[in-house]
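A.B. asks: I would like the atomic coordinates for the input below:
(2 chains)
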Amino acid sequence: MAQTEAPPVVAPATPSDRTSFTALLWQGGTLLALVVLVILFGALQPDAFLSFGNVRNILAQIAILAIIASAQTVVMVVGDFDLSVGVTATLAGATAAALMIDGWSIPLAIVAALVVGTLVGVVNGILVAYMNLSAFVATLATLTSVGGLAFIVTDGTTLFGMPESFEVIGQGRPLGLPLPIFFAVIVCVVVWLVLKFTTIGRRWYAVGGSAEVARLSGVNVRLARFLAFTVAGFVSAIGGIILVSRLASASATSANNYMLLAVAAVFLGMTVLRSGAANVGGTLVGVGIIGVMSNGLNIVGVSAYFQQVFTGLIIIAAVTLSALKSRSH
Amino acid sequence: MSTALDSSAVEVAPALEAVGVSKHFDGVFALNGAQLSVQPGEIHALLGENGAGKSTLIKVVTGLYAPDEGQIRRNGETVAFANVRAAHGAGVVALYQELSIVPTVSVAENILLGAETPSRGGVVSWGRLNKRAGEQLARLNQRIPLKKLAGELSPVQQTMVAVARALATDARVLILDEPTAALTDTEITDLFTVLRRLRDEGVAIVYVSHRLEEVFELCDRLTVMRNGETIVTRTIAETNIDEVISTMVGRPHGLMYPARDTATSEVVIEVDGLTGSRVQDVSFRAHAGEVLGVGGLAGSGRSELLRLLAGAQKQTSGDITVAGNTLRHAGGVGRALEAGIALVPEERRSQGVILGDSIQDNIAVANIPTVSRAGWVNNRAIARIARSALSDLQIKARGPRQAVGQLSGGNQQKVVLAKMLSRKPKVLLMDEPTRGIDVGTKAEIYRLIRRLAASGTTVIAVSSELPELIGMSDRILIMHQGRISGEVQAADADEEILLSYAYGRTA
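C.D. replies: Have a look, this model is predicted:
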């Protein structure tokens, strides 16, 4: 009975998963693009681009994008995405500013802003996870409404006159480095730890891999998706507060642009992993590419309009390459 | 050799021929030198167990897959179909049960979907379209309202529409994959009349079915496949059902299944009046060490019963008691797992495994609560569980980090099993435990099921294959329209009695 005549079922190693040089190139392609960009701009404008001041500048510029992109990473790990991360950051920042101008204490205003951001996430989570709206429709709706709330909170004007000690958050320079960089590192490390080592992180990845498999394996899929949106709202609010502090002012649209850049960064980052899943490390590579390109093109003297064109092209290139990669498997 | 064919058919070149066709995926052979030769004007059955390579062969001859080796010949000429359109152009069309019609457009449009739409200056001329569609239906002697939405038709009418569409694109080789699965007896008779008529017009028909009685009623010749190879081609007159079955299985019946000697009298799970979608008032008990088979036709509620037990589907009333704990209104899969009920679901690729993830990560999904403390996952514990699963279940893989999508179907199924067994269930539910698995791994799964039973686990397994149901179970429940219509000891069961229960005839 043991000697069935079935043929050998599995060949010892399939050619497709031997790590060849080309495979490595595919895999590391996005990281390579970052390195190439740095070398390119370094060669074009060695004095301006590679100076300590400019590197510090780039880091300061991408710190807030890194925070909002890690919020987007969490949502994209579960296989959804969130169009409202930018406006949520805007609304949170505006809330903090308005309350402080009204005379609230700094800590209380910050807590209130974090609560507001989290609530937006809660609403998104309920709509997507419990009312079965598609993430696109749900977050497009909150994008619109929350954007409107930001105008109401700011009265359509630019708010300033926050206490000077609040501005330390965005403008402080311990060890000569802008404080937002430290916040970005903390947020990214925490998100990374949560995704990699906690039960909710495991559940998020499982839901993103296959919601049905996860459900049939005992994962509470609705709760997992709800929590992902909630966390994204909270983390976006952190980004919004730091931005307002750095600018020392709050407008009704201050952080809105970060949404598309954050999606772009996560997409770029998804090409780094073989499985094509969203991940914090990859997202940071994506954030780096966007930051270096924007800063480098600026220094070389290319207009901001062209920068936007290039960002789109880079996303197309990276995602096309990773699609080719997965097809070859 | 072909007494059943008229002599003219034998002299002409085969309408469709596959010669020495091989195809493998990720190092696993799906086809290994397969042969098939179909004459114009014959109905040729393609038989074999699930995973024997029938579907892959069909996909190769219809241009969905390119063969790694071997040739496809059409009327004696070697062809290489780049895609399904190319195969259509050469008159080779396959009809699949579910994907064949577009439910939201009219019957007439469905029939002319692949053909050129009659139009004047880009505007559809509905008169000509309906006329031409009507002609195709008339050829089949069918009266189906042309303007009705195809989704509103009965299953047999939908099949007829699909056949009419194939004829509209001038199909000369028609491949039907399990066309009768959803049909009633009279509908099957209608379909057979149409197929015989097409055969007499000279169409070559390849007929894939698990229903051997139908094959012997309808077909002229048959080809049996096993493990990706063609075992034999015979005229119907030369052979009989028993011979075909043993050819398909590749060994005399019975040897594949281990002895039943493990059942005890200790009740582990008691189900009382369980009701939910498609399941009506089901009550039964199952014992430690028992393998309880559940059979019934597709749609009888057998899969839904397992899903209710596993908490994957909402129950509306009834009690499930496991080892003394009553699970009222099973609170989701997580709660059922805690209570000791685990489900190996029916659709491995969409419900069982995350194909892009590693073996280890797949096993981890069901174990998150058991390998964590205060929200932190012990990754080393997961790796340990995965490594021991690889050796316990003899999963053929390079290591726990290999992606599940690269494994063969049988090994993927073992990963699903490993995932659920790592929760040490008291009751293991398995829906179609060996679907799409090669014969060798099948036997391993049967031994594994018996080993689990020997260690006191209760196994409840749904199968649509009657020999499997009889061979692996101690006792068999048959369902009909959501209710249990019969119960038999497997040792006393034969296919006939199971089928009569499945059709709701109480013996």
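A.B. asks: Can you list the residue ranges for helices in the stretch 51-200 of chain B?
C.D. replies: B:54-61, B:84-89, B:107-111, B:126-139, B:155-168, B:185-200 (DSSP state H, counting those that start in this stretch).
A.B. asks: Could you do the stretch 351-500 of chain B as well?
C.D. replies: Ranges of helices within the stretch 351-500 of chain B are B:359-365, B:379-392, B:409-421, B:439-454, B:466-472, B:495-502, based on DSSP H, counting those that start in this stretch.
A.B. asks: any chance of those helices in TSV, with mean pLDDT, distance to chain A and mean neighbour count too?
C.D. replies: For glycine as for every other residue, the C-beta is placed from the backbone atoms N, C-alpha and C. Shown next, in TSV, are these (pLDDT from 0 to 100; distance: least, Cβ to the nearest Cβ, whole Å; neighbours: other Cβ atoms under 10 Å in any protein chain shown):
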stretch	mean pLDDT	distance to chain A	mean neighbour count
helix B:359-365	94	4	26
helix B:379-392	92	7	17
helix B:409-421	93	6	24
helix B:439-454	88	3	21
helix B:466-472	89	13	22
helix B:495-502	84	23	17
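A.B. asks: Rebuild those helices as JSON lines, extending it with distance to residue B:268.
C.D. replies: Shown next, in JSON lines, are the helices of the stretch 351-500 of chain B (distance: least, Cβ to Cβ, whole Å):
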{"stretch": "helix B:359-365", "distance to residue B:268": "24"}
{"stretch": "helix B:379-392", "distance to residue B:268": "22"}
{"stretch": "helix B:409-421", "distance to residue B:268": "16"}
{"stretch": "helix B:439-454", "distance to residue B:268": "11"}
{"stretch": "helix B:466-472", "distance to residue B:268": "18"}
{"stretch": "helix B:495-502", "distance to residue B:268": "24"}
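A.B. asks: about what we covered before: could you export the helices of the stretch 51-200 of chain B as TSV, including mean pLDDT, distance to chain A and mean neighbour count?
C.D. replies: Converted to TSV, those look like this (pLDDT from 0 to 100; distance: least, Cβ to the nearest Cβ, whole Å; neighbours: other Cβ under 10 Å):
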stretch	mean pLDDT	distance to chain A	mean neighbour count
helix B:54-61	90	14	24
helix B:84-89	87	19	17
helix B:107-111	90	29	26
helix B:126-139	88	35	17
helix B:155-168	85	26	23
helix B:185-200	88	32	16
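A.B. asks: TSV for those, including distance to residue B:314?
C.D. replies: As requested, these are exported to TSV (distance: least, Cβ to Cβ, whole Å):
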stretch	distance to residue B:314
helix B:54-61	34
helix B:84-89	40
helix B:107-111	36
helix B:126-139	42
helix B:155-168	27
helix B:185-200	33
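A.B. asks: residue ranges with poor pLDDT in the stretch 201-329 of chain A?
C.D. replies: Under the criterion of pLDDT under 70, the regions of the stretch 201-329 of chain A flagged as low confidence span A:322-329.
A.B. asks: How about the residues of it by chain B?
C.D. replies: Proximity of the stretch 201-329 of chain A to chain B is confined to A:201-203, A:205-206, A:209-210, A:212-220, A:275-277 under the rule Cβ under 8 Å from any Cβ of the partner chain.
A.B. asks: how about 7 Å then?
C.D. replies: Taking Cβ under 7 Å from any Cβ of the partner chain as the measure of proximity, the stretch 201-329 of chain A contacts chain B at A:202-203, A:206, A:209-210, A:212-220, A:275-276.
A.B. asks: now, among these, which is nearest to residue B:353?
C.D. replies: Here the nearest of those to residue B:353, counting by Cβ to Cβ, is residue A:213; it sits at 6.4 Å.
A.B. asks: So which residues of chain A form strands?
C.D. replies: Per DSSP state E, chain A has strands spanning A:159-160, A:249-250. These are given in chain order.
A.B. asks: tell me the most buried of these?
C.D. replies: Sort these by mean neighbour count, taking mean count of other Cβ atoms under 10 Å in any protein chain shown, and strand A:249-250 sits at the top with a mean of 25.
A.B. asks: and that strand, which strands flank it?
C.D. replies: strand A:159-160 (antiparallel) (DSSP bridges).
A.B. asks: Quick one: mean pLDDT over the partner strand.
C.D. replies: Confidence for strand A:159-160, expressed as mean pLDDT, is 91.
A.B. asks: what does stretch B:23-43 give?
C.D. replies: The predicted model gives stretch B:23-43 an average pLDDT of 87.
A.B. asks: Can you give me the buried ones in that stretch?
C.D. replies: B:23-24, B:26-32, B:34-43 (16 or more other Cβ atoms under 10 Å in any protein chain shown).
A.B. asks: so of those, which ones are in strands?
C.D. replies: With DSSP E as the criterion, strands contain B:23-24, B:28-32, B:34-38, B:43 from among the buried residues of stretch B:23-43.
A.B. asks: Export those to JSON lines and append columns for distance to residue A:57.
C.D. replies: Formatted as JSON lines, the entries for those read as follows, by distance: Cβ to Cβ, whole Å:
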{"residue": "B:23", "distance to residue A:57": "57"}
{"residue": "B:24", "distance to residue A:57": "55"}
{"residue": "B:28", "distance to residue A:57": "54"}
{"residue": "B:29", "distance to residue A:57": "59"}
{"residue": "B:30", "distance to residue A:57": "57"}
{"residue": "B:31", "distance to residue A:57": "61"}
{"residue": "B:32", "distance to residue A:57": "63"}
{"residue": "B:34", "distance to residue A:57": "65"}
{"residue": "B:35", "distance to residue A:57": "70"}
{"residue": "B:36", "distance to residue A:57": "69"}
{"residue": "B:37", "distance to residue A:57": "74"}
{"residue": "B:38", "distance to residue A:57": "73"}
{"residue": "B:43", "distance to residue A:57": "77"}
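A.B. asks: Of all pairs in those residues, which one is the farthest apart?
C.D. replies: Farthest-apart pair in those is B:28 and B:43; separation 31.3 Å (Cβ to Cβ).
A.B. asks: Contact partners for residue B:217?
C.D. replies: Applying Cβ atoms under 7 Å, 6 or more residues apart in numbering or on different chains to residue B:217 gives no contacts.
A.B. asks: so it is in which element?
C.D. replies: When secondary structure is defined using DSSP states H and E, the element that contains residue B:217 is helix B:212-218.
A.B. asks: what about that helix, distance to the chain center?
C.D. replies: When distances are taken as Cα atoms, centre = their mean, to the nearest Å, helix B:212-218 is centred 19 Å away from the chain's centroid.
A.B. asks: With stretch A:181-194 instead?
C.D. replies: For stretch A:181-194, the distance from its own C-alpha centre to the chain's C-alpha centre is 12 Å (Cα atoms, centre = their mean).
A.B. asks: now the stretch 201-350 of chain B, which segments are flagged as low pLDDT?
C.D. replies: Across the stretch 201-350 of chain B, the ranges flagged by pLDDT under 70 are B:251-255, B:329-331.
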